Each structure stands twice: as C-alpha cells, then as structure tokens.
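Trainee: next comes the sequence, and after it the predicted model I'd like to discuss.
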Amino acid sequence: MTSRIKISNILSNIIILITSFVVLVPIFIIVTAAFKNEVDIFERPAALFTENSGLFNFQQLEMFPRYIWNSIKVTFFCTVIQLGTASTGAYAFSKLKWKGRDTIFLLYLMSMMIPIQVIIIPQFMIIRSFGLYDTHLALIMVASFTVFGTFLIKQFFMTIPDSLLESARLDGAHEWLIYWKIVMPLAKTVLATVLIFSFRWFWNEFFSALIYLTSPELKTLPLGMTDFVTEYMVYYGPQMAAAMISIIPVMILFISLQRFFIQGITASGIKG
Amino acid sequence: MKKWVALFLAVSACLSLFANGKSDAPASSAGGVTSVDFYVWSDGNDEYSRFFDSFNEQGLNVKINPKYIVPADYGSKLTTLLAGGISMDAYMQKSQTDMFPQYYNGYIEPLNDLMASHNYDYNQVKSWDASISIDGKVVALPHRGGKYYTYYNAKAFEAKGVPTPTELVQKGEWTWDKYVEISQLMSDNDEKTFGSCLYTWGSCSVYPAAQEGMNFINADGSIDVDNSLLKSFQIRKTLEDGLDSPRLVDLKVTKTHYSQVFYTGMAPMLLIGEWFPGTVQNGFSKDLIKGYTLEDFRITRLPCDSADYNSIGAPTFGHVHAKSKKKDAAFEVLAWMASPAGALVEAKMGFLPPMVDDKVMEVLSTNVPDKTSLEYFTEDVPVKPFFYTKYGSKVEQIISQYVEKYLLGEISDSELIPAFKAEMQTIVDTTN
C-alpha cells in the first residue's frame, strides 16, 4: 500500500468519524434526555445518566399509544396510496406514448419546487369544502401524490426494456396486466425505496397535521409532541421520550428493507 | 385467522379515517344554548381554559366551545384558518398589531353595532380605545390591560445588598443606564445567574425607543426611526457581552421562556407585560418556583429616561369573526370578558384587567401582597403601544432580524440606522 493510499484512507476514516459524531450526538442527547429530569438535561458536561434518571418521562406519555396508532394509520394509508399513484404515474410517463407526456411530466416535476406554505391555504379551502377538516382523511387526501416518488420510479421503469412489454402486448396483455404482472414485480427495490421515503416523511409530518387537525384524540405523533410545549414551558424530557419512541418504527422499517433500499437507490440512479 | 385479523384491522382503520370531521359544522344550538367556537392559544390547562370555564359555569344561554391551539404555532394555524374560511365565531389576538391586516382583510367584525344592540357600556374600556380601534371602528374588546413593568425578586436583591428598582423609582433614578448598572451588580457573571432578562421578542429589544414614542413607521407611512433604536440595541449588547443578561440566541435555541428564567432564579429581574403576576401565580401553583415566595415578588415601573413617566404596551383582546353566524353570541362572550365580572376572574388569576375597581384591587392584593408593588401595578400612567399601525407586524420581524445581526456584530453602530430606515421604507412600499 502506497503512502498516498494510506493518507487517503486515514482522511476517509477521519471524515467518517466526524460525520458519525455529528449524526450520533443528537441521538445520544435524545436517548439520555429521555431518562433525565428538566434540570439535568441542560447540565454540562452531559452525562449518560444521573442519579435522578428514571422512567418518569415515559410515564407522562399516556396519550401516546393513541397518537402512535393515529400515526401508523395515517402513514400506512398515505404510503400505500402514494405507492399506487406514483407507480401508475411513472408507468404512464415512461412506458406509454401520448401527446404532451414530457411537458406534463416537466410541469409535474416543477410542482415539487412549490413550498407547502404557498399552497396550504387553497388546499385548506378544498379540504374544508369537502367537510374533511379535522379528519385523518384530510391528511391522507393531501398526501396522495408524490412527485419525487413518481420521478424515482419512472427512472427505474425506464431501465426495463420496452421489448419485454411489446412481447406481452403481442400476446394480448392489456396495460393493467403488464403493469401489475410484469413491471411491478421487477420494481420491488425502487418501490421499497419510495416506501421508506414516504413512511419516514409522513411519520415525521407536522405542518399538515397542525393545520388540518384540531381534536386532541386525532393528533399524530409529531403533533402530540407539542403537548409538552406550553405557553410558559417546554418540557424536553417527555418530548425526548416521545422522540425516542417515534424513531423505533422508522428504524425497524429501514433495517428490514435496507437491502431493497440500497438496490433501489442504485438502480434508479439517485445518489446521496 | 391471520387474514381475518388483518382484514378487521384494515376495515376499522378505514372507517376511523372518517371520524371526527365535525369541527367545521354550521351554527348550531341545542336546548336553547348557543355554542360559540372560540379559538385561543392554550394547552387546555392554563389561564385561558380557566377563563372559559368560568364563563361556561355561569349557565348562560351562550357557551364557549374552546378551540385550543398550541401556543407556539397559534399564529400560523390561525392565519390559515382565517384565510381558508373556517367556521369560527371568535378568536383571541396573540400579536396585537396583526389585527390591522386581519381587519383590512375582512376577518374582524366591527363591534359598534353589536355594542349598541347589546347596550354594552364602552366607557368601561374606553381608556384603551386607541389600542382596539381602527379607522374609528371598535374592532376588539380587551380582557386584560396592557402595560410593561419591572418585576424582581426582592430576596435576591437583599442577598446582594443592591438597591431595589422600587427604591430607585422612588428616588427618581430608575433610568436605563441605572438598569444596566443594577443588572451588572446583580449578575454572578458565570452564565448561570444573570442580573436581568430581556426576552426574545423584537419588542423587548426596543423598550427605550418605544417609551420615547418612536413609532418606526407612522400611520401615514412616514418613517420614524432615530438614535433611540441604537441606544436600545446597545443596552442589550452591553448586558449580553458582560454576561449580565441571558443571550437572546441562547433563549431562542433552548426555547427558554422568560418565566423559566425568573422562576429558576437565572435572572432576578425581568421587564415584561402586565400578565406576569398571573404567570407567577401559575408558577407557584404548579410548584415551578424554587427558593422564594410570593412575598418576595415585587413590581415597579419600567426604567425611564424622561421626567414624565410612561409605560408601553397594549391590552390583550379578542375579536368577533366577521363570517361568524353567531355574532351576537360571540359578542356576549367578549362583552362578559371586558366587564367587571370578567375583570374579577382575570384578577383572581393574577392578571391586570382592563378596568380596576375596589373589588378588583382587593382580589389583586392576594396575588400581589406587597402594597407598594400593587400601587405601581395599578397606577394610572400613560401607555404607549409598540409600533401600532398596519405596518407593525412587519416592523417587529425586522427588529428581530436586526437585533440579532447587531448582537452578532454583523452590523455596526454607524450602519444600523440607515440600513434600518431602508428596511422600513421597503415595508411602506410593499404594504397595501
């Protein structure tokens, strides 16, 4: 091994160490703060545990089983619907030939650049006129489409040879059959990627939930965390305990699907 | 079996998606009782929930249906609800200057006709007229007064042997320079115990300027910015640099509320509004205050450089929503809040009501046991509201940006005023 390669390896390791430190420190703070009282959380230097550490913050999460169930429900439907709309959209944009296809796709992509704060008021008016204000269905309806997911799946579909689809068409298969029986089974990796992205997004989604939900019993997990933000105090301990719980489902999902996730990222040509 | 369980879960989840979609229901009344949807910032267990409960407990034919919104996100949610045309009867105003754009956008119902039809005695709150009227129309009714004070913990001053703000007020020496000096004397300079606290709101960084009547932008669009802005920023910077006041950026990042600073003894002196005795009462009742008692809690005037003392601030008030289908009922709620009966409830919770009579004084004395403090708390002095025009909300945002820039050294003393004036001109040019 030349000295140049050695230096390069050392530098890489240092960068990995620094990056890991930056990523892991907030998680360390969340985990330790979840077991500390409000005073000990801000003590410096930060200790792993103090003599006052305990489970008292978790005991304040009595409403959280409901919030977790609400989050699971909303996230599940949003993710499944997004997979359906994104994959059918991607199929139409990549495998069907129709006039204005690329222009419409470009416009669709451009909509990704519009911040939610800009569209929230017209969107809110539509939801209100449907009588869906303060329902979970409102959250699901506004999240039915994903531009990024459509783009990701489209990129993958473009790698599937058209000859495969042509053969099926010659055998008399209609487009739904080709989509469902030929294209979708080949796209498991990219679908897993979109699933993880969507799941993570909706699991953490706060702004739409804040706007569309009012009833305490409908709160999702991120909105529920505001229970500990009062006018006068922010109770970090229970917030950290709730944050710790909220991380678990995402981690389980990521770990169980990481093989597909990495393949999907590679196959669709998305980096970073 | 597994399939059946999965199917059952899926069906029950699907059905529950449609649940609870009734909040936007049209006007309704049951058993002759009219329910008023009242939006307010609250966690459902604080002074506003108690205030609403007090109203509902009277058993009148109007009931408040509280709509609590997380305090930190009240502004963004309320803006969306108003713009989105949600069914709403009344709401509380958290940022008083927001009433101008809300009124001009047609969200606020003028109350003149309602006051006449309900025989409301406006003289009760007429002293606040300038703060609750726009273009000659009354657009809000206050349930709290609006004045800023110096609050301090006498025990901490006694321990350090430093003259108290009350003593300095009585000698006519409680100026802004003296405030800095006393803060320095009270500080331990260890970043744990400071001398005083100026909170993170833009308005809290310009007390001296506001007190001198600087309006930033006048109602006619002319710019009103002078060196008192620089002086205000310099006071804050001097205190922060000397570790005599918690850093603005630290308070913001750690979301430390001013009450926490005072409760924990992090700073024994605080300049804030008339609601603070109520906050302190809440702090004692929830056992959040350590090391001192209500007897040690003192109130006096703000520092002032002028011989003629004036305070600053605006009352806290609510509005009737212009699109409400139950305006009369909503007005009845507001009218009660801005009446001697509502004032008594506010006073019991430790807040300064918009009107003070003997009964209110008697009740307030239980929350402010120090007699001198109570005198200062209820004295009748001129009050100047902060940047109280249709430009006000934007002005406060610019103040917040510039005070941070100034504290971080990104803008010098000589650059501050010209740059700030340019920002004010942009606001004038871009506000309808």
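Mentor: Right, received. Where do you want to start? If you're wondering where the values come from, they're calculated on a predicted model, not measured in any experiment.

Trainee: correct me if wrong, but B:Gly318 is in a strand.
Mentor: Yes: per DSSP: H, G, I helix; E, B strand; the rest coil, B:Gly318 lies within a strand segment.

Trainee: what about it, neighbour count?
Mentor: The number of residues packed near B:Gly318 is 20, by other CB atoms under 10 Å in any protein chain shown. The way it works is simple: take the backbone N, C-alpha and C, and place the C-beta from them, glycine included.

Trainee: the nearest residue to it once chain neighbours are set aside: neighbour count?
Mentor: Closest residue in space to B:Gly318, ignoring its immediate chain neighbours: B:Met92 at 4.8 Å, by CB to CB, 6 or more residues apart in numbering or on different chains. By other CB under 10 Å, 22 other residues sit near B:Met92.

Trainee: could you say which helix or strand holds the closest residue to A:Phe156 other than its chain neighbours?
Mentor: Of all residues not flanking A:Phe156 in the chain, A:Val190 sits nearest, at 4.0 Å (CB to CB, 6+ apart). Using DSSP states H and E, A:Val190 maps to helix A:188-204.

Trainee: contacts for that helix, please.
Mentor: Residues outside helix A:188-204 that contact it (CB atoms under 8 Å, 6 or more residues apart in numbering or on different chains) are A:71, A:74-75, A:78-79, A:82-83, A:86-87, A:143, A:146, A:148-149, A:152-153, A:155-156, A:184, A:221-222, A:246, A:249-250, A:253-254, A:257, A:260-261, A:263-265, A:267-268.

Trainee: drop anything exposed from the residues you listed.
Mentor: Taking 16 or more other CB atoms under 10 Å in any protein chain shown as the criterion, what is buried in these is A:71, A:74-75, A:78-79, A:82-83, A:86-87, A:143, A:146, A:148-149, A:152-153, A:155-156, A:184, A:221-222, A:246, A:249, A:253, A:257, A:260-261, A:264-265, A:267-268.

Trainee: how near is A:Ile81 to A:Glu175?
Mentor: Distance of A:Ile81 to A:Glu175, given as CB to CB, to the nearest Å: 20 Å.

Trainee: and the helix holding A:Val190, which residues are buried?
Mentor: A:189-203.

Trainee: picking up where we left off before, from the contacts of helix A:188-204, which land in helices?
Mentor: A:71, A:74-75, A:78-79, A:82-83, A:86-87, A:148-149, A:152-153, A:155-156, A:184, A:221-222, A:246, A:249-250, A:253-254, A:257, A:260-261, A:263-265, A:267 (DSSP state H).

Trainee: what parts of the stretch 51-200 of chain A come near chain B?
Mentor: Counting by CB under 8 Å from any CB of the partner chain, the residues of the stretch 51-200 of chain A close to chain B are A:73, A:76-77, A:120-121, A:124-125, A:128, A:131-138, A:140.

Trainee: which regions of the stretch 151-272 of chain A lie under the pLDDT threshold?
Mentor: A:261, A:263-272 (pLDDT under 70).

Trainee: go on, chain B?
Mentor: In chain B, residues with pLDDT under 70: B:1-31.

Trainee: buried subset of the residues of the stretch 51-200 of chain A next to chain B, written for PyMOL?
Mentor: In PyMOL syntax, the buried subset of these is picked out as below (16+ other CB under 10 Å):
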select buried, chain A and resi 73+76+77+120+121+124+128+131+132+133+134+135+136+137+138+140
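
Trainee: where's B:Gly313 relative to B:Asn119, distance?
Mentor: 29 Å.

Trainee: neighbour count: those two, which is higher?
Mentor: B:Gly313 (25 against 7).

Trainee: nearest residue to that one other than its sequence neighbours?
Mentor: B:Gly146 (4.0 Å).

Trainee: so how far is the longest helix along chain B from its chain's centroid?
Mentor: If you go by DSSP H, chain B has its longest helix at helix B:413-430. Chain-centre distance of helix B:413-430: 26 Å, with CA atoms, centre = their mean, to the nearest Å.
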